[in-house]
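>>> Turn this into a structure:
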Amino acid sequence: MPPELPGFYYDEERGRYFRVSSTRQRPSDPFSSYDIEEVKKRKVNQEQELELHELSESRSKIYQDYLLQLSDPFQRAFGSDIPSHFIEGLKIQDSDFDDYSANVNSSFGSNVLRHEICSISLLCDLNSDEESLLIFATRKGLVEECVRENLLEKNLCDLSSFQNFGGDCNFHRLTITDYDPRVLYFHASEEGSNTHFFGLIGNDKNTVKRQKFKQHENVCDSVNLGEFYVVAVGRRLRLYSWKKRSVLIDNPLDNKVNSDILTLAIGKSNGLAKELYVGCRDGSIYIIPIGPDCSLEFTARRRLSFANALSIISIKTTETLGIIFVSAVGGNKQVLFMLDTLMDNCKPLVKFQTTFLNLTKTSEIFDVSTEGHYICYGSLTARNGKGDVEIFSSYLQDNLKYERLETMVFYPLRSLSREILQPLGLRDTKLCAAGLGRQPRYHHNTLPVHGCRIVSCRLYLVLEETSSRLPETLPRLFLVSTDM
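Prediction:
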């Protein structure tokens, strides 16, 4: 590494020193100098890359120590069985992206509108022969589906058709419903107003409800309960019916605590909603039982608090009731951990040491496999705006590198590297979505109709082309994937 010179920054990519501007404004000639904020960002990125490199080196060293036991038949037969446990983790670290597709550019009529993708959902339905992997929404209120096999696009919903539509919107949720894999639930809001849209798309019929809230009411999240949906409004929870206009329940979360609700999640058992998880700005999580009639049993609620969590950003559930994964802000770092809410003394079971910091959901990438095995976490703004993700495993046997403290600490098995994508020819791109999906596979010696089906977890990334394009078209999207 070249020595540091006062007032200068060494750019490794360009191979020379550049003067650092003392102002916070971008210099008039970006090719001759860097502003001080740009230098700070670059140093943070370099520190993250160095930390990941050292982690990978540490894992490789441990692997080399176990190599004799893995290769020696005598050692495999009579030695410790610990080394063989880590083989799956090593496969994840060294796997390549072996599959990718690109969709055609999308045009939306003769009006020149600057469409910008603001939300993407990755779907993977085991029971479908035609997998719909991409559901995306634009700031103009358009929701489209992209089918993987032929990459044809289908318009699902257009909010701009509503009377007095504001023109631009943000999508807070865009996900498949747990009650019917053919139905999509979305929550969007108009920019510049406090008007929100809640909708169900699918089964040849769309249900969209428009709700205007008071200007001072902070609406951060909502969840679908089948015949009803719950909306977080400030520190209150409101229950609405898809069939009625008026609110059914409007209760404060806790009369003794004045903290806004930032995120919601539903815990299920045998396909039925059993618990509502509520994450708050003060770092607490409330667990509210859900009755058979979808009623919220506020009197039986529980409140959990955590020493290092200042604000709860996201909560992800699994197919096991009570096992949840939480993303929170803790000072100047992200706190990522796993909980079992059914335990009497509910403390984090495992913490995941991520290098990213997301203060809001806007930049956060967070997904968990249905059984809770794999965790995908990242940021859209990392790596100078190009985006990045890290992959964790909640299974001890997958982790060559971990710390056994009061709470187990696991480190990422791998992160997205631009070098991995270079063989695919994807250079001028940025990450705009990532997720984990289950994919059916068949034994190579059998046919799908009567073969042995194996379900594997697969990591999907959606990359957006950053080169110039026409204003009336969406950017070109690339879908890349790899087995876990």
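>>> For Val219, give me the pLDDT.
Confidence at Val219, expressed as pLDDT, is 96.
>>> brain fart, Asp29
With respect to pLDDT, Asp29 scores 50.
>>> got it, and Glu297?
Looking at Glu297, its pLDDT stands at 93.
>>> So it sits against Ile288, correct?
Yes: using Cβ atoms under 8 Å, Glu297 is in contact with Ile288, at 6.4 Å. Yep, even glycine has a C-beta here, placed from its N, CA and C like the rest.
>>> what about those two, which has more around it?
Ile288 (19 against 12; other Cβ atoms under 10 Å).
>>> show me the contacts for the more buried one.
For Ile288, the contacting residues are Leu237, Glu275, Leu276, Val278, Leu296, Glu297, Phe298, Ala300, Arg301, by Cβ atoms under 8 Å, 6 or more residues apart in numbering.
>>> Just give me the neighbour total for the nearest residue to Val223 once chain neighbours are set aside.
Leaving out its chain neighbours, the residue that sits closest to Val223 by Cβ to Cβ, 6 or more residues apart in numbering is Leu264, at 4.7 Å. By other Cβ under 10 Å, 20 other residues sit near Leu264.
>>> a helix runs through Leu264, doesn't it?
No: per DSSP: H, G, I helix; E, B strand; the rest coil, Leu264 lies outside any helix segment and is strand.
>>> if we can go back for a sec, top of the contacts of Ile288 by number of neighbours, please.
The most crowded member of the contacts of Ile288, judged by other Cβ under 10 Å, is Val278 (28 neighbours).
>>> ok, that one touching Ala232?
Yes: using Cβ under 8 Å, Val278 is in contact with Ala232, at 7.3 Å.
>>> Quick check: neighbours shared by the two?
Listed as contacting both Val278 and Ala232 by Cβ under 8 Å, 6+ apart are Ile261, Thr263, Leu264.
>>> Dump those residues to a markdown table, plus pLDDT.
Below are these laid out as a markdown table (pLDDT from 0 to 100):
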| residue | pLDDT |
| --- | --- |
| Ile261 | 97 |
| Thr263 | 97 |
| Leu264 | 97 |
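>>> Which one of those is nearest to Glu403?
Here the nearest of the shared contacts of Val278 and Ala232 to Glu403, counting by Cβ to Cβ, is Thr263; it sits at 27.7 Å.
>>> so how far is Phe171 from that closest one?
15 Å (Cβ to Cβ, to the nearest Å).
>>> Same question for Asp428.
Using Cβ to Cβ, Asp428 is found at 25 Å from Phe171.
>>> Over to Ser369?
Counting by Cβ to Cβ, the separation of Ser369 from Phe171 is 23 Å.
>>> Ok, Arg16 next?
Separation of Arg16 from Phe171 (Cβ to Cβ) stands at 43 Å.
>>> Which one's more surrounded, the two?
Phe171 (22 against 9).
>>> Please enumerate residues in contact with the one helix or strand the more buried one maps to?
Element membership of Phe171 [criterion: DSSP states H and E] is strand 169-176. For strand 169-176, the surrounding residues in contact (Cβ under 8 Å, 6+ apart) are 118-121, 123, 125, 135-137, 139-141, 143, 159, 183-191, 197, 220-223.
>>> Same question for stretch 197-207.
Applying Cβ under 8 Å, 6+ apart, the external contacts of stretch 197-207 come out as 143, 156-157, 159, 162, 169, 177, 180, 182-190, 208-211, 222, 224, 229, 231, 240, 242.
>>> ok, now stretch 293-306?
Defining contact as Cβ under 8 Å, 6+ apart, one finds that stretch 293-306 is touched by 225-228, 230, 237, 239, 249, 251, 253-254, 257, 273, 276, 283-291, 328, 335, 337, 339, 341, 346, 348.
>>> ok, now stretch 263-270?
178, 220-223, 225, 230, 232, 273-279, 290, 312-317, 319, 321-322, 324, 341, 361.
>>> buried residues in it?
Residues of stretch 263-270 classed as buried by neighbour count (16 or more other Cβ atoms under 10 Å): Thr263, Leu264, Ala265, Ile266, Gly267, Lys268.
>>> Wasn't the fifth one part of a strand?
Yes: assessed with three-state DSSP, Gly267 lies in a strand.
>>> Could you give the bridge partners of it?
Glu275 (DSSP bridges).
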